[in-house]
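Engineer: Need the 3D shape of this:
(chains A and B)
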2 protein chains.
Amino acid sequence: MLGKSGPGDDVREPIRVVQWGLGTMGSGMARLVLAKPGLALVGAISRRSELAGRDLGDVLGVGRRLRVSVTDEPETVLDAARVDVVMLASTSWARDQMPDLRTAIGAGVNCVSIAEEMADVEAQSPELAAEIDALAKASGVSVLGTGVNPGFVLDLLVVTLTAGCHSVERVEASRVNDLSPYGQAVMASQGVGLTPEAFRAGVADGSIVGHVGFPESIHMISEAIGLGVNRVEETREPIISSVRRETPHVTVEPGMVAGCEHVGVGFRDELEVVRLVHPQQIHPQAEGQDTGDYIHVHGEPEVDVAIRPEIAGGQATMGIAVNVIPHLVAASPGLKRMIDLPVPAALMGESAYVRRT
Amino acid sequence: MLGKSGPGDDVREPIRVVQWGLGTMGSGMARLVLAKPGLALVGAISRRSELAGRDLGDVLGVGRRLRVSVTDEPETVLDAARVDVVMLASTSWARDQMPDLRTAIGAGVNCVSIAEEMADVEAQSPELAAEIDALAKASGVSVLGTGVNPGFVLDLLVVTLTAGCHSVERVEASRVNDLSPYGQAVMASQGVGLTPEAFRAGVADGSIVGHVGFPESIHMISEAIGLGVNRVEETREPIISSVRRETPHVTVEPGMVAGCEHVGVGFRDELEVVRLVHPQQIHPQAEGQDTGDYIHVHGEPEVDVAIRPEIAGGQATMGIAVNVIPHLVAASPGLKRMIDLPVPAALMGESAYVRRT
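Structural biologist: Numbering: from 1, shown residues only, chains lettered A, B, ... in the order given. Okay, here's the model as predicted:
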């Protein structure tokens, strides 16, 4: 592994990356790696047996053969002598990520995962966090969970905006997006098109998930700033439309559910110190709500930020996962969070090379 | 020096800080250190001989004695066995900072400087950057220049906002502030109240400075993202008021100068890739301009950010200089920029302790 090069080394070989998981996100990450001169895509893993043996260029639809075959046998490509980083895009859950993580870490390869719960494993699973950290240190590799959210907008960016604050009383952030471009699976997971009663039943039986990642974002903010959060509460409420809203997949009549208002609140004892709000719905503009990311730091000084429209979700998740690679390769071994590394930057020109020196 | 504690250590002693320079900024930084449980203010240095020997609590006006005397002999307090970090607040210029830096680094003490040119010394003085880096590594300490700008709004925050970008074509950022609260010295340095002719003469003879830090911010952005900037151009133009504007220190009649529009542009060969705009004037609202920080990343995806009002300048410079301390203490030895460290966060509760572990 070339990974842990010291300061002063000027290693000009590209960082060698394997993509594990070739769904929408994983395929997008792989295509982005191909576009970066400082990165080399040297392997791809998919559990979908129909992809095994096919050329990755063909699977990704990039219009050329890459002379890299997709495999369903991770051990055949994960080898510290030939791979620096593996990017995992196969689950949202830390526990489900563990078998693949153990394989990759055991092979001596640095890991980036876009599983939401991996953004701060300690938030909900301290025992898994300890296991990953110990395995990573034993193998001399770094492990990071990231993505647009958790991993960036509602945590790292919030923390960054407190950089100049003398004190922070509490932080509030909301992310307003538009689900209209998405298909039936997303509509179902957010309860779009249901009656309010059916929505509440869906929340109760777990079929309406809302956003995955509030405990992770809140824990990360609290740890970074020192807000002492010791309790997180989440609520999922129906966004009941007062107008007709329509997409190719769903029609919402007045009185029906246009989406899910998911709120996560972090308390220090009885005091609210973090409030994260993520209403996900179709056509928020239909009732005058602009999509955007809004962050307010209540402190000294106050900081009030609006990003309009919101930072594009899926696209930014792919981008962040790839853009962190040089920092991950340079990091000390262990389990990392975004608040533990220098901020990622878009990798233009030769910047991926530059970071390695 | 307790500084370079490894992961796993759980050192619960506060980080010991010396303040060097007790002007408005330095005094504010010292007061902020006093407010943080994880930091201990163990010394203060001032070249103003009338302060030497006085109790620091008295000089800072905090209403209690601190049993720390101000000294004008740096060698008497800078001692690696008793000091972790010194905060330098005495100049804007890297070259003028060098003698004090050599003293502090030689004593084995980590250094934070708010000298604007220290934010990225390599931008204008690669030979000084190399000297500082070599000295710091020889002494096993870290050296960082920071502040609200350069150091945060027009560089680190711009870079952070590209974290999810697949590509960046160019970035633009502007910081619109209101000089009305400031006194005669600031009015003079920005040309407020002059005729346009007198303003241009002041730019020509160097008495109208505008903002210090564009080459540093542009270099930092270019290095982080890989934009390949190889030329920086700066312009300082008079903001000619069309209405009457007035402060206790100056009156600007229509046709006179309300401030200085300072622009820094970074080019890669002939292509503009970074544009930073910092109009500094009294009462911008008089002509409908809101104060604020505005950042636009032209890339894939686009990112468009507004922070209103602007992040409070002096206050945030003090805040950032103090909030970076735990990251600086944990950093590897050498000359650092803000893009090389994890983002600083407001230090509430026990977060300064937490970062040391």
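Engineer: C-alpha from now on. contacts and neighbour counts both.
Structural biologist: Fine.
Engineer: need the contact list for A:Met348.
Structural biologist: A:36, B:167-168, B:225-227 (C-alpha atoms under 8 Å, 6 or more residues apart in numbering or on different chains).
Engineer: All the helices of the stretch 251-357 of chain A, residue numbers only.
Structural biologist: Using DSSP state H, counting those that start in this stretch, the helices assigned to the stretch 251-357 of chain A run over residues A:313-323, A:325-330, A:351-356.
Engineer: same check, this time on the stretch 51-200 of chain A
Structural biologist: Going by DSSP H, counting those that start in this stretch, the stretch 51-200 of chain A shows helices at A:56-60, A:94-106, A:126-139, A:156-161, A:184-190, A:196-205.
Engineer: which of those is buried the deepest?
Structural biologist: Among those, the stretch with the highest mean neighbour count (mean count of other C-alpha atoms under 10 Å in any protein chain shown) is helix A:156-161, at a mean of 24.
Engineer: on that earlier part again, now the helices of the stretch 251-357 of chain A in JSON lines, with mean neighbour count and distance to chain B?
Structural biologist: Output for the helices of the stretch 251-357 of chain A, formatted as JSON lines (neighbours: other C-alpha atoms under 10 Å in any protein chain shown; distance: least, C-alpha to the nearest C-alpha, whole Å):
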{"stretch": "helix A:313-323", "mean neighbour count": "25", "distance to chain B": "4"}
{"stretch": "helix A:325-330", "mean neighbour count": "24", "distance to chain B": "9"}
{"stretch": "helix A:351-356", "mean neighbour count": "22", "distance to chain B": "4"}
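Engineer: what residues are up against whichever residue of the stretch 151-300 of chain A sits closest to chain B?
Structural biologist: Nearest to chain B, among the residues of the stretch 151-300 of chain A, is A:Gly164, at 4.0 Å (C-alpha to the nearest C-alpha). Residues near A:Gly164 by C-alpha under 8 Å, 6+ apart: A:301, B:148, B:315-320, B:323, B:345-346.
Engineer: in chain A, what spans have low per-residue confidence?
Structural biologist: In the predicted model of chain A, residues A:1-11, A:350-357 satisfy pLDDT under 70.
Engineer: Pull stretch A:208-228 out as CSV, backbone CA atoms only.
Structural biologist: In CSV, the C-alpha atoms belonging to stretch A:208-228 read as follows (Å, rounded to 0.1, in the frame of the first residue of the first chain):
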residue,chain,number,x,y,z
ILE,A,208,-41.9,5.3,6.3
VAL,A,209,-38.3,5.9,7.2
GLY,A,210,-37.7,9.6,6.5
HIS,A,211,-34.0,10.6,6.7
VAL,A,212,-31.3,8.2,7.9
GLY,A,213,-28.6,10.0,9.8
PHE,A,214,-29.9,12.5,12.4
PRO,A,215,-28.3,10.7,15.4
GLU,A,216,-25.0,10.7,13.5
SER,A,217,-25.1,14.4,12.6
ILE,A,218,-26.2,15.5,16.0
HIS,A,219,-23.4,13.4,17.7
MET,A,220,-20.8,14.8,15.3
ILE,A,221,-21.9,18.4,16.0
SER,A,222,-22.0,17.9,19.7
GLU,A,223,-18.6,16.2,19.8
ALA,A,224,-16.9,18.9,17.7
ILE,A,225,-18.3,21.9,19.5
GLY,A,226,-18.7,20.3,23.0
LEU,A,227,-22.4,20.8,23.3
GLY,A,228,-22.8,17.7,25.6
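Engineer: can that stretch be found next to chain B?
Structural biologist: Yes: for stretch A:208-228 and chain B, the contact criterion (C-alpha under 8 Å from any C-alpha of the partner chain) is met by A:223-228.
Engineer: Could I have the buried ones of the residues you listed as PyMOL selection syntax?
Structural biologist: To isolate the buried members of these in PyMOL, using 16 or more other C-alpha atoms under 10 Å in any protein chain shown:
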select buried, chain A and resi 223+224+225+226+227+228
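Engineer: Now render the residues of stretch A:208-228 next to chain B as CSV, adding distance to B:Asp133 and secondary structure.
Structural biologist: Below are those laid out as CSV (distance: C-alpha to C-alpha, whole Å; DSSP: H, G, I helix; E, B strand; the rest coil):
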residue, distance to B:Asp133, secondary structure
A:Glu223, 31, helix
A:Ala224, 28, helix
A:Ile225, 29, helix
A:Gly226, 31, coil
A:Leu227, 35, coil
A:Gly228, 37, coil
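Engineer: Between which two of the residues of stretch A:208-228 next to chain B is the distance greatest?
Structural biologist: Using C-alpha to C-alpha, the pair of those lying farthest apart is A:Ala224 and A:Gly228, separated by 9.9 Å.
Engineer: could I get the helices of the stretch 251-357 of chain A as CSV with distance to A:Lys336?
Structural biologist: Converted to CSV, the helices of the stretch 251-357 of chain A look like this (distance: least, C-alpha to C-alpha, whole Å):
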stretch, distance to A:Lys336
helix A:313-323, 13
helix A:325-330, 9
helix A:351-356, 18
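Engineer: where exactly do the strands run in the stretch 251-357 of chain A?
Structural biologist: Secondary structure of the stretch 251-357 of chain A (DSSP state E, counting those that start in this stretch): strands at A:251-252, A:257-268, A:271-281, A:292-300, A:303-307, A:334-336.
Engineer: In chain A, which residue is most central in space?
Structural biologist: A:Gly147 (2.1 Å; C-alpha atoms, centre = their mean).
Engineer: Give the full set of residues in contact with the closest residue to it other than its chain neighbours.
Structural biologist: With C-alpha to C-alpha, 6 or more residues apart in numbering or on different chains as the criterion, A:Gly147 has its nearest non-adjacent residue at 4.2 Å, and that residue is A:Thr317. The neighbours of A:Thr317, taking C-alpha under 8 Å, 6+ apart as the test, are A:25, A:114, A:146-149, B:164.
Engineer: swap the cut-off to 7 Å and go again
Structural biologist: Residues counted as contacts of A:Thr317 (C-alpha atoms under 7 Å, 6 or more residues apart in numbering or on different chains) are A:147-148, B:164.
Engineer: Looking at these, which one is closest to B:Ile45?
Structural biologist: Distance to B:Ile45, by C-alpha to C-alpha, is smallest for B:Gly164 among the contacts of A:Thr317, at 43.2 Å.
Engineer: For the stretch 1-150 of chain A, just list every one of the strands.
Structural biologist: Under DSSP E, counting those that start in this stretch, the stretch 1-150 of chain A gives strands at A:15-20, A:39-45, A:70-71, A:85-88, A:110-113, A:142-145.
Engineer: and for the last one, what are the contacting residues?
Structural biologist: Outside of strand A:142-145, the residues within contact range by C-alpha under 7 Å, 6+ apart are A:110-115, A:118-119, A:136, A:328, A:331-337.
Engineer: Mind doing that once more with 8 Å?
Structural biologist: Strand A:142-145 has contacts (C-alpha under 8 Å, 6+ apart) with A:110-120, A:132-133, A:136, A:151, A:328-329, A:331-338.
Engineer: how close does A:Val153 get to A:His298?
Structural biologist: Distance, A:Val153 to A:His298, by C-alpha to C-alpha, to the nearest Å: 17 Å.
Engineer: For the two, indicate the residue with more neighbours.
Structural biologist: More crowded of A:Val153 and A:His298, by other C-alpha atoms under 10 Å in any protein chain shown: A:Val153, with 26 against 18.
Engineer: ok, now which ones touch that one?
Structural biologist: Contacts of A:Val153 by C-alpha under 8 Å, 6+ apart are A:293, A:311.
Engineer: separation between it and A:Ile307?
Structural biologist: Distance of A:Val153 to A:Ile307, given as C-alpha to C-alpha: 10 Å.
Engineer: Give the residues shared as contacts by the two.
Structural biologist: Common neighbours of A:Val153 and A:Ile307, using C-alpha under 8 Å, 6+ apart, are A:Asp293.
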